[in-house]
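> quick one: sequence plus predicted model below, questions after.
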Amino acid sequence: MSDGATRLVVGSDHAAVSLRQAIVAHLRERGLQAAEIGPAPGERCDYPDHAATVARSVASGEFDLGLLVCGTGIGMSIAANKIPGIRAALVHDPFTAQMAAMHNDANVLCLGGRLLAEAYALDLVDHWLDTEFEERHGARLAKITSLESEA
């Protein structure tokens, strides 16, 4: 999924600032372009605001992929999926990280900062980035996209 030209944006709320910073550093170590949005350590915020910013920047093409982290990842995934064109996936193990890429072509990965050790979370990011989407699932993605027009 990733190469040196991939542009990623990583956002968090106050519950996952340190994990957000670790993910950004990890992505840059991989040679990827990574932007960071969210509060400074100790600053409180509302997760839907940062989820929307990341999701809109991916949907518009400003960034290729996004990552969102909050306490559980649940709120971020719900909020991000409200933006048309976003397929945000909350993952918790290597298998779900791979399936998010392989079967769902997830363009936003969501993680729970209060649930995952940093090294484990970075491993999940790698599994997601290193897994290619299998085109045989394209018809299913088209059905998901068509649901966006029902609102």
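Received, thanks.

> which residues touch Phe63?
7-9, 35, 54, 57 (C-beta atoms under 8 Å, 6 or more residues apart in numbering). Where you see a C-beta, it was placed from the backbone N, CA and C, and this is true even at glycine.

> which residues are in contact with the lowest-mean-pLDDT helix or strand in the chain?
Between all helices and strands in the chain, the lowest mean by mean pLDDT, DSSP states H and E belongs to helix 138-147, at a mean of 87. By C-beta under 8 Å, 6+ apart, the residues outside helix 138-147 that reach it are 85, 87, 103-105.

> which pair of those residues spans the longest distance?
Gly85 and His103 (17.8 Å; C-beta to C-beta).

> re the thing from before, and the contacts of helix 138-147 as JSON lines, adding pLDDT, distance to Ile144 and neighbour count?
Conversion of the contacts of helix 138-147 to JSON lines gives the following (pLDDT from 0 to 100; distance: C-beta to C-beta, whole Å; neighbours: other C-beta atoms under 10 Å):
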{"residue": "Gly85", "pLDDT": "95", "distance to Ile144": "10", "neighbour count": "13"}
{"residue": "Arg87", "pLDDT": "97", "distance to Ile144": "7", "neighbour count": "16"}
{"residue": "His103", "pLDDT": "95", "distance to Ile144": "11", "neighbour count": "16"}
{"residue": "Asn104", "pLDDT": "94", "distance to Ile144": "8", "neighbour count": "17"}
{"residue": "Asp105", "pLDDT": "95", "distance to Ile144": "9", "neighbour count": "19"}
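
> nothing else from me, thank you.
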